[in-house]
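Visitor: sequence and predicted model, in that order:
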Amino acid sequence: MSEIELRGVGKLWGDVVALSPTNLLIPGGSFTVLLGPSGCGKTTTLRLIAGLDSASAGQIFVGGRDVTNEPPSHRNLAMVFQNYALFPHLSVADNIVFGLQVRKASKQEQSERLARVLALLGLEKLRDRKPSQLSGGQQQRVALARALVAETKICLMDEPLSNLDAQLRQEMRQELRALQQKLGLTVVYVTHDQAEAMSMADLVVLLNRGRVEQVGSPREIYARPATVFAARFIGTPPMSVMALDGETIKGSKFAVAGKPSKATHVAIRPEHVSLDGDIPATITASEYLGADSLVRCQIGSEQVAVRITGQQVFEPGQNVQLAWSPHALHYFDNDGRRVEQQTPT
Amino acid sequence: MLLPALVLLVAFTHYPAVATIIDSFMSTPKPNRPSVFVGLDNYASMIEDPIFWQALRNNLWFALATIPLSVGLALAMALWVNGPMTGRGFLRMAYFTPTVLPMIAVANIWLFFYTPTYGLLEQIGGVFGLPSQNWLGDKSTALASITVVAVWKEAGFFMIFYLAALQGISPSLREAAAIEGAGRWFFFRRVLWPLLMPTTIFVLVNAVINAFRMVDHVVVMTRGGPDNATSLLLYHLYEVGFKYWDQGYAAAITVVLLGALATVALVQFFVLDKKAHY
Ligand SMILES: Nc1ncnc2c1ncn2[C@@H]1O[C@H](COP(=O)(O)OP(=O)(O)OP(=O)(O)O)[C@@H](O)[C@H]1O
Ligand SMILES: [Mg+2]
């Protein structure tokens, strides 16, 4: 079994809370992404799972076994480091079999397994090169091969694609995902790039300031953000979150129909707003994006973004009438937590 | 454009070297007898000089002991100090102190350690009821005592180079090895040692040169005695050249010394360099 469970796991660096006590279940065989802004504790969480740092509180289980006090090598997992951590003086082949040599695998087993991962990742031609003679993408593949050759069921990755250019990153995302599914791996993948998270993950763990904001599939998180932070973080551009003043949007006379009583904020995705309605707004800026445009409008004192297809041109200061469906609205209370709508009539 | 550099190089390195080689074939000038060409006479008297052979033997033993000991100690200390621990800065400075202290001061401190009756070693030995020992005055211990001082001084200096090299090695290499379950020894043998190879070569070349350049401790601590037991090549050279004022012979010793050093350096450079990863 290869599921990972954190029970009340926290980490302090002196007075800094890198991770507040957290419960988390990462199912076996899943591609789980730890997502969040810089400094939110993603790397910390991953290193705690790997055993490279020790937890200040709580217990860590891997495959149902308590590994809280076990060294990294007893946790039966592999890791791909952000900088790849390849041994610069060893050839690609020697880098890959390093771990097998540590475990004193027979020469024959070493060469068999080496041949297998070299073929899997298309590295046969590069086997005698030094890491400095490889491109970033090739190095990344070698790092991956070194992790895979151990044939552990769990693979941890810390922003493995962040050093690659956009094109290569796109390719590697698909390759990684395909590989994970083919081998049935449990992958825990750290990134601050939400597009990466959305396109690869079975499960997204959204972190903010050392806290888990939401755990869910990319669709769930996109469709039903659990907190204001999630609403403001997910999506390019993300939801517009507008403060409410009683029934109306702050600074305007527009009353939001069907607002739950506890809600203090209302939010909506740009693609769910259109320009053919009766909500008075003023355009403040517009951005041409090619296939569509992003128009920023003001209602009262609050900002709302609108995504429009087509080639219409808008001037700042122009008055428009916005429209949205009440179903597309999301509500949040004063603590930033989601408030469900009453059953719409 | 090259001229100024060339002039300096010739004036300060090439000219003295060439002049020395020429001098080694000439007799020493005297007030009533100018220097004349004597061929290999100076080299012949070197071969017949028992003190030269003793100094050479002493120096070889001295080199054989100081080089591996100081380099090994430097590496061990650097590995130890490199790990995360409290008071690291203080420790590093403590090791580096021997290097910033002037040689003469160092020698004087150790002179105090070794002094018979009052010295630190004597006093400590006395507590444990050990017999009194004149470390620097006894033919059987004098060279070893000087060797210890040299090792102590060199190790601190070489450690700095190892430490700098270790700091340049990404900590994630150690972590990657830790996940694979590599022990300290395996990691050292397969990763650290090869990555430190360029530093080791550099340090070794320096250690060899220093071993054959050693003179100041000898001057301060023993003056080559007792009975030439601590006379090293450079000290012998100094005595011949400036005490007996036999410059022709001194030039011949210099040529031999330089030749030996150049050979060692070249061998190290070409043999070890092939094994090093950069
Ligand atoms: N070794 C350390 N000593 C002290 N504080 C640390 C240490 N490592 C991390 N922190 C702190 O813990 C917090 C979380 O850091 P972490 O590295 O987990 O962030 P991250 O989510 O990986 O960010 P990034 O996307 O920038 O890599 C940060 O505030 C950071 O300053
Ligand atoms: Mg990080």
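Guide: Happy to help now that I have it. Ligands and ions are numbered 1, 2, ... in the order given.
Visitor: the biggest helix by length in chain B - contacts with which helices or strands?
Guide: The residue-count maximum for a helix in chain B (DSSP state H) belongs to helix B:50-82. Contacting helix B:50-82 under the criterion 3 or more CB pairs under 8 Å, 6 or more residues apart in numbering or on different chains; DSSP states H and E are the following elements: helix B:88-100, helix B:142-167, helix B:193-213, helix B:233-238. For glycine as for every other residue, the C-beta is placed from the backbone atoms N, C-alpha and C.
Visitor: host element of residue A:175?
Guide: In this structure, residue A:175 sits in helix A:166-183 according to DSSP states H and E.
Visitor: report the rounded mean pLDDT for that helix.
Guide: In this model, helix A:166-183 has an average pLDDT of 87.
Visitor: near ligand 1 at all, whichever helix or strand comes after it?
Guide: With elements assigned by DSSP H and E, the helix or strand that comes after helix A:166-183 is strand A:186-191. No. Using CB under 6 Å from any ligand atom, strand A:186-191 stays clear of ligand 1, coming no nearer than 6.5 Å.
Visitor: if we can go back for a sec, and the longest helix of chain B, what's buried?
Guide: By neighbour count with 16 or more other CB atoms under 10 Å in any protein chain shown, helix B:50-82 contains the buried residues B:52, B:54-56, B:58-59, B:62-63, B:65-67, B:69-71, B:73-75, B:77-79, B:81-82.
Visitor: my understanding was that residue A:259 contacts residue A:333; is that so?
Guide: No. Between residue A:259 and residue A:333 there is no contact, the gap being 11.4 Å when judged by CB atoms under 8 Å.
Visitor: quick one, which of these two is more surrounded?
Guide: Between residue A:259 and residue A:333, counted using other CB atoms under 10 Å in any protein chain shown, the more crowded position is residue A:259 (20 against 15).
Visitor: who are the contact partners of the closest residue in space to that one that isn't next to it in sequence?
Guide: Leaving aside its chain neighbours, residue A:259 sits nearest to residue A:247 (6.2 Å; criterion: CB to CB, 6 or more residues apart in numbering or on different chains). In this structure, residue A:247 makes contact with A:255-256, A:259, judged by CB atoms under 8 Å, 6 or more residues apart in numbering or on different chains.
Visitor: and residue A:247, how far is that from residue A:255?
Guide: Residue A:247 sits 4 Å away from residue A:255 when distances are taken as CB to CB, to the nearest Å.
Visitor: where does the chain have low pLDDT?
Guide: Assuming you mean chain A. Using pLDDT under 70 as the threshold, the predicted model of chain A has low-confidence ranges A:1, A:343-345.
Visitor: actually chain B
Guide: When residues are selected by pLDDT under 70, those of chain B lie in B:1-2, B:84-100, B:117, B:132, B:135, B:137, B:224, B:272-278.
Visitor: for the residue of it most remote from its centre, what are its contacts?
Guide: In chain B, counting by CA atoms, centre = their mean, residue B:179 sits farthest out from the average C-alpha position, at 41.1 Å. With contact taken as CB under 8 Å, 6+ apart, residue B:179 is in contact with A:50, A:52, A:72-73, A:77-79, A:99.
Visitor: could you export these as a markdown table, including secondary structure and distance to residue B:229?
Guide: Formatted as a markdown table, the entries for these read as follows, by DSSP: H, G, I helix; E, B strand; the rest coil; distance: CB to CB, whole Å:
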| residue | secondary structure | distance to residue B:229 |
| --- | --- | --- |
| A:50 | helix | 59 |
| A:52 | coil | 55 |
| A:72 | helix | 55 |
| A:73 | helix | 54 |
| A:77 | strand | 62 |
| A:78 | strand | 61 |
| A:79 | strand | 59 |
| A:99 | helix | 55 |
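Visitor: helices of the stretch 1-150 of chain A, residue ranges please.
Guide: For the stretch 1-150 of chain A, the helices defined by DSSP state H, counting those that start in this stretch occupy A:42-50, A:92-102, A:107-120, A:136-149.
Visitor: among those helices, which is nearest residue A:61?
Guide: Ranking the helices of the stretch 1-150 of chain A by their distance to residue A:61 (criterion: CB to CB) puts helix A:42-50 first, at 10.2 Å.
Visitor: contact partners of that closest one?
Guide: A:4, A:6, A:9, A:11, A:18-19, A:22, A:34-36, A:53-55, A:60, A:62, A:72, A:75, A:77, A:79, A:156, A:158, A:188, A:190-192, A:207, A:210, B:179.
Visitor: filter those residues down to the buried ones.
Guide: Among the contacts of helix A:42-50, those that count as buried by neighbour count (16+ other CB under 10 Å) are A:4, A:6, A:9, A:11, A:18-19, A:22, A:34-36, A:53, A:55, A:60, A:62, A:72, A:75, A:77, A:79, A:156, A:158, A:188, A:190-192, A:207, A:210, B:179.
Visitor: packing partners for the helix holding residue A:175?
Guide: In terms of contacts (3+ CB pairs under 8 Å, 6+ apart), helix A:166-183 is packed against strand A:31-35, helix A:136-149, helix A:194-200.
Visitor: if we go to 10 Å?
Guide: Helix A:166-183 makes packing contacts with strand A:31-35, helix A:107-120, helix A:136-149, strand A:154-158, strand A:186-191, helix A:194-200 when contacts are defined by 3 or more CB pairs under 10 Å, 6 or more residues apart in numbering or on different chains; DSSP states H and E.
Visitor: these: which one's closest to residue B:205?
Guide: Counting by CB to CB, and looking across all of those, nearest comes helix A:136-149 at 33.2 Å.
Visitor: gap between the closest one and the chain center?
Guide: 21 Å (CA atoms, centre = their mean, to the nearest Å).
Visitor: got the buried residues for that helix?
Guide: Judged by neighbour count (16+ other CB under 10 Å), helix A:136-149 contains these buried residues: A:137-149.
Visitor: do that helix and chain B come into contact?
Guide: Yes. Contact check for helix A:136-149 against chain B, using CB under 10 Å from any CB of the partner chain: residues in range are A:143, A:146-147, A:149.
Visitor: turn those residues into a markdown table, columns for distance to residue B:18.
Guide: Written out in a markdown table, the entries for the residues of helix A:136-149 next to chain B read as follows (distance: CB to CB, whole Å):
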| residue | distance to residue B:18 |
| --- | --- |
| A:143 | 56 |
| A:146 | 56 |
| A:147 | 61 |
| A:149 | 60 |
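Visitor: Throw the residues you listed into TSV and include distance to ligand 1, thanks.
Guide: As requested, the residues of helix A:136-149 next to chain B are exported to TSV (distance: CB to the nearest ligand atom, whole Å):
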residue	distance to ligand 1
A:143	17
A:146	22
A:147	19
A:149	26
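Visitor: of those, closest to chain B?
Guide: Relative to chain B, the closest of the residues of helix A:136-149 next to chain B is residue A:146; by CB to the nearest CB it sits at 7.8 Å.
Visitor: quick one: contacts for the closest residue to that closest one other than its chain neighbours?
Guide: What sits nearest to residue A:146 in space, not counting adjacent residues and going by CB to CB, 6+ apart, is residue A:96, at 5.0 Å. With contact set as CB atoms under 10 Å, 6 or more residues apart in numbering or on different chains, residue A:96 has these partners: A:86, A:90, A:110, A:113-114, A:117-118, A:121, A:123, A:127, A:142-150.
Visitor: tell me which residues in the helix holding residue A:175 are buried?
Guide: Within helix A:166-183, judged by 16+ other CB under 10 Å, the buried ones are A:169, A:172-173, A:175-177, A:179-180.
Visitor: stretch A:195-202 too?
Guide: Along stretch A:195-202, the positions that meet the burial threshold by neighbour count (16+ other CB under 10 Å) are A:196-198, A:200-202.
Visitor: and if you look at stretch B:156-167?
Guide: When neighbours are counted by 16+ other CB under 10 Å, the buried residues of stretch B:156-167 are found to be B:156-163, B:165-166.
Visitor: kindly report the same for stretch A:221-238.
Guide: Of all the residues in stretch A:221-238, those buried under the rule 16+ other CB under 10 Å are A:221-222, A:225-235, A:238.
Visitor: dump those residues to CSV, plus secondary structure and distance to ligand 1.
Guide: Shown next, in CSV, are those (DSSP: H, G, I helix; E, B strand; the rest coil; distance: CB to the nearest ligand atom, whole Å):
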residue, secondary structure, distance to ligand 1
A:221, helix, 18
A:222, helix, 21
A:225, coil, 19
A:226, coil, 19
A:227, strand, 17
A:228, helix, 20
A:229, helix, 14
A:230, helix, 16
A:231, helix, 20
A:232, helix, 17
A:233, helix, 13
A:234, coil, 16
A:235, coil, 19
A:238, coil, 18
